[in-house]
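K.L.:
below are the sequence and a predicted model; questions follow.
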Amino acid sequence: MSKNLSIVNKDLKEERDKINFNVEEFTNWFYGGAEKVKEKKYIENYFLSDKDLNLELDTSYLSYKDKYEEAVRRSIVVYKKLYKLHNEMGGTHEDFVKIMENLRFTMGAINPEGNPFVLHFSMFALTIMNMTNDEQKAEWLPRIFNCNILGTYAQTELGHGTYIQRLETTATYDPKTKEFTLNSPTLTSYKWWPGNLGHTVDHAIVMAQLYSQGKCHGIQPFIVQLRDSETHKPLPGIDIGDIGNKVGFQTVNNGFLGFKNVKVPYKNMLMKNSKLLEDGTFIKPKNAKLNYGTMVIIRVHMIIDAACRIAKATTIALRYSLVRRQSPINPNEIEPKIIEHITQQNKIFPGIAKAVVFKCMADYLTKLHLSITQEGNTGNLARMPELHALSCCLKAVCTNEDAKTVEVCRLSCGGHGFLRSAGLDDVYRNSTAAQTYEGENTVMLLQAARFLIKSFNEARNGGSLTEGVKYLFDFIGRNGKREIFDNSINGILRAIQAAAAGRTYIAWKHIEDDKRHNSIEVATNLAGVHLTKAAELHGYVCLLQVGIEEIEKIIRNVSPALGLVFKNILELFAVDLILNKIGDVIQHVDISNEDIEKLEKQMETLFKFFRTSAIGVVDGFDFSDPIIDSTLGSYDGNVYENLINAARKSPLNQEDVNRTFHLYIKPFMKSNL
Ligand SMILES: CCCCCCCC/C=C\CCCCCCCCCC(=O)SCCNC(=O)CCNC(=O)[C@H](O)C(C)(C)COP(=O)(O)OP(=O)(O)OC[C@H]1O[C@@H](n2cnc3c(N)ncnc32)[C@H](O)[C@@H]1OP(=O)(O)O
Ligand SMILES: Cc1cc2nc3c(=O)[nH]c(=O)nc-3n(C[C@H](O)[C@H](O)[C@H](O)COP(=O)(O)OP(=O)(O)OC[C@H]3O[C@@H](n4cnc5c(N)ncnc54)[C@H](O)[C@@H]3O)c2cc1C
């Protein structure tokens, strides 16, 4: 890819010359301030400029095994530097988190098919930080931070990923020896999927059914050593390996794991929530779902990941659309930039708006998570269900939108979008993986729907509701009358709220009707499609509501020119949303054909305004060329040069004649059949 930033494609330069707001100001907002942007750039450059990484090597051409080995090698280069930088910065925990946060995106450029240590630095470390007592923290945290041990989070099994209550791995406590014995009693009880498990880590948090005093006490987390610290050989009783080729995440080293009478000391059960006394007496936690805490943290983090994948994909699609010319709109005119085709704007502009609104949601949810966790630390767990429902709902809605948007971006790049060098395939694969991991999205929506139905019942009985679902009162208050539509941002919000509440009511009624002939569980299953639709609509309500609140605040704090861009973005998000959900809206809102036509016209006007700002916004996402890693999306826009240069690097092009010509093709051609 061209690295010469001074020779920018003239069509792209012309676009940038027309930007009428301060791009840097937008970047500062996106990353949380000028200081954070400086830090990000510094950290990014600190790692990416390291020649030892050998980033010139296009790992996509390597074999499965070579890819893994190169990913491990590169990661170690990075982690060694991480500790050096951490020391230079002052060595505090905050410094470490700062580097890790920035590394998340830099790592994507270094190991595009996934990081073979990601679970160590996320779920493993977070579980030990959040689910251990003080002695356990003192024992394990230094070893984790110093990487003396490497770990993963082993929960999912061959037979169960969603319904974790039915995990089959057992941990049986013997008070005489003060040990647990871990076993995988069936094939389906084998751990299956944990990232980094196959050949990388030597420890794991293992979720297993605790048996003590002859009773099962449900799933509990245990720290288990899997491999010898010197030889890395699996310890006796451990059957471990890699699960093989996947749709993506090729270098994450997802693994399988079986136990046969593996002994684990008493102190290795994580004891912050549930407790087991040495004599084997089990003490229940205040809330059994506290052991699911790490999943909640990661779901919250996944919203910003989704925003960034969309931001990256739309950056590629938009820059390409501003330099690609094809198909005259007026027959006698020169071919326009493909962005002039309004359908192309319709493919890309709403995606850019989603990246911005998802970022607002990620900020909101991170703050909410922090405050609910702080309440939890003082023993107040009242808001845990709200956080669980919201994080499940938004994890599902944002990653579903993410995968859809990235795919539309790929399609918007035509044939070239299908090239690996376009840079959209790994983004897409990561997006679709996110739809499944950390809770399959349908299941996540059903969890959110449970909360909605409970809240609906509460509202019907005149109880109190949490802020985010208070709109259910409005629906009940209308007593069957439809919401009257008005074409303002708040009017759109009320319409989506009415659709979400209306669908919740349909699901609720479905359950109530079916309950007459069935158990509540069967009735709930039969209402499943309505429940997922209600939860999805609720997710959009949250996004729009938070988007409105956050963007109003932003507009008060930025320059008028950037404020107008944010206003434009919010309207784009809102109008695109209501037009996409018009079927649901019509069912519960008094909206006329003229209103819908007005919205469609409004969308065209919004596109017109956004046409000049769009490049400034995607430049403002501030993905450097090594991070964007795309022939179509580089800053200079020299797409065709990039494409031919990348093609020339194909291993097949390193010789004029491939040996298969002499081996097979020529004899075949000469054989006269
Ligand atoms: C060291 C520095 C740190 C730096 C930090 C960096 C951070 C890095 C961030 C990101 C990096 C990303 C890298 C991530 C890679 C991850 C790879 C993927 C990992 C995985 O996939 S791990 C496995 C994930 N598995 C799942 O998600 C399983 C999904 N299933 C479930 O969650 C549950 O089974 C279930 C929720 C669906 C059902 O549970 P169950 O016990 O059966 O519950 P029910 O009996 O049905 O009852 C439901 C009831 O419980 C309430 N509830 C459930 N969960 C919670 C909760 N967590 N909190 C509160 N309440 C909960 C629920 O509301 C219901 O209540 P009700 O009965 O309705 O009142
Ligand atoms: C890339 C990747 C990385 C992963 N990393 C890890 C890891 O590090 N550690 C770890 O422990 N796990 C990991 N996992 C496992 C992951 O968390 C599970 O695959 C996920 O939670 C889904 O569970 P499942 O595979 O059992 O799907 P299933 O639950 O079997 O889903 C199959 C279908 O059944 C449906 N279904 C299931 N239950 C219900 C229900 N109650 N109601 C309605 N429909 C239902 C689903 O909607 C889906 O359509 C990873 C998975 C992937 C893909």
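P.N.:
Perfect, thanks for sending it. Ligands and ions are numbered 1, 2, ... in the order given.

K.L.:
tell me which element the closest residue to Ile304 other than its chain neighbours is part of?
P.N.:
Computed as Cβ to Cβ, 6 or more residues apart in numbering, the closest residue to Ile304 that is not its neighbour in sequence is Ala362, at 3.8 Å. Where you see a C-beta, it was placed from the backbone N, CA and C, and this is true even at glycine. Assigned by DSSP states H and E, Ala362 falls within helix 342-377.

K.L.:
next SSE downstream of that helix?
P.N.:
Once helix 342-377 ends, the next helix or strand along the chain (criterion: DSSP H and E) is helix 384-412.

K.L.:
let me see the mean pLDDT of that following helix.
P.N.:
Averaged across helix 384-412, pLDDT comes to 98.

K.L.:
buried residues, that helix. List them.
P.N.:
In terms of neighbour count (16 or more other Cβ atoms under 10 Å), helix 384-412 has its buried residues at 384-410, 412.

K.L.:
is ligand 2 within reach of it?
P.N.:
No - if you take Cβ under 6 Å from any ligand atom as the test, helix 384-412 misses ligand 2, and the best it gets is 10.3 Å.

K.L.:
which elements pack onto that helix?
P.N.:
Applying 3 or more Cβ pairs under 8 Å, 6 or more residues apart in numbering; DSSP states H and E, one finds that helix 384-412 makes contact with helix 293-323, helix 342-377, helix 425-436, helix 441-460, helix 528-557.

K.L.:
these: which one's closest to Lys51?
P.N.:
helix 425-436 (23.0 Å; Cβ to Cβ).

K.L.:
mind giving me the domain split of the chain?
P.N.:
Domains of the chain are assigned by automatic domain parsing as 149-285, 465-625.

K.L.:
can you give the distance from the shortest one to the centre of its chain?
P.N.:
Relative to the mean C-alpha coordinate of its chain, domain 149-285 is positioned 25 Å out (Cα atoms, centre = their mean, to the nearest Å).

K.L.:
measure that domain end to end?
P.N.:
From its first residue to its last, domain 149-285 covers 28 Å (Cα to Cα, to the nearest Å).

K.L.:
say whether ligand 1 is contacted by that domain.
P.N.:
Yes - against ligand 1, domain 149-285 shows contacts by Cβ under 6 Å from any ligand atom at Tyr153, Gln155, Thr156, Thr162, Tyr163, Ile164, Gln165, Gly195.

K.L.:
same check on stretch 428-440?
P.N.:
Yes - Stretch 428-440 reaches ligand 1 (Cβ under 6 Å from any ligand atom) through Tyr437, Glu438, Gly439.

K.L.:
circling back: of all the domains of the chain, which lies closest to ligand 2?
P.N.:
domain 149-285 (2.4 Å; Cβ to the nearest ligand atom).

K.L.:
near ligand 2, anything from the closest one?
P.N.:
Yes - for domain 149-285 and ligand 2, the contact criterion (Cβ under 6 Å from any ligand atom) is met by Tyr153, Ala154, Gln155, Thr156, His160, Gly161, Thr162, Trp193, Pro194, Gly195, Phe249, Asn254.

K.L.:
quick one: the strands in the stretch 201-350 of the chain?
P.N.:
203-212, 215-225, 238-242, 255-259, 262-265, 275-276, 282-283 (DSSP state E, counting those that start in this stretch).

K.L.:
that older thread, want to throw the helices and strands packed on helix 384-412 into a markdown table with distance to Leu632?
P.N.:
A markdown table is the format used below for those (distance: least, Cβ to Cβ, whole Å):
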| stretch | distance to Leu632 |
| --- | --- |
| helix 293-323 | 4 |
| helix 342-377 | 12 |
| helix 425-436 | 12 |
| helix 441-460 | 29 |
| helix 528-557 | 28 |
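
K.L.:
CSV please, covering those and showing distance to ligand 2.
P.N.:
Listed next are these as CSV, based on distance: least, Cβ to the nearest ligand atom, whole Å:
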stretch, distance to ligand 2
helix 293-323, 8
helix 342-377, 20
helix 425-436, 4
helix 441-460, 4
helix 528-557, 6
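
K.L.:
test my guess that Ala400 contacts Ala434.
P.N.:
Just to correct that, residue 400 is Asn rather than Ala. No - the pair Asn400 / Ala434 is not scored as a contact, 9.4 Å apart, by Cβ atoms under 8 Å.

K.L.:
mean pLDDT, distance to Glu39 and mean neighbour count added to the domains of the chain, as TSV?
P.N.:
Below are the domains of the chain laid out as TSV (pLDDT from 0 to 100; distance: least, Cβ to Cβ, whole Å; neighbours: other Cβ atoms under 10 Å):
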stretch	mean pLDDT	distance to Glu39	mean neighbour count
domain 149-285	98	27	18
domain 465-625	97	12	19
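
K.L.:
which positions in this protein make contact with ligand 1?
P.N.:
Counting by Cβ under 6 Å from any ligand atom, the chain comes close to ligand 1 at 97, 100, 118, 121-123, 125-126, 153, 155-156, 162-165, 195, 289, 292, 295-296, 298, 301, 384-385, 388, 437-439, 443, 447, 450.

K.L.:
so which of the strands of the stretch 201-350 of the chain is nearest Thr177?
P.N.:
With Cβ to Cβ as the measure, strand 262-265 is the member of the strands of the stretch 201-350 of the chain nearest Thr177 (7.8 Å).

K.L.:
that closest one pairs with which strands, parallel or anti?
P.N.:
Strand 262-265 pairs in its sheet with strand 179-183 (antiparallel), by DSSP bridges.

K.L.:
can you state the direction angle for the strand it pairs with and strand 255-259?
P.N.:
120 degrees (axes from the mean of the first three to the mean of the last three Cα atoms, to 10 degrees).

K.L.:
and the next helix or strand past strand 179-183?
P.N.:
strand 191-192.

K.L.:
which residues touch that following strand?
P.N.:
For strand 191-192, contacts defined as Cβ atoms under 8 Å, 6 or more residues apart in numbering pick out 154-158, 169, 184, 197, 204, 206, 243, 255-258.

K.L.:
and the helix or strand that contains Asn45, what does it pack against?
P.N.:
Using DSSP H and E, Asn45 sits within helix 34-48. Where contact means 3+ Cβ pairs under 8 Å, 6+ apart, helix 34-48 is packed against helix 23-31, helix 64-89, helix 93-110, helix 625-628.
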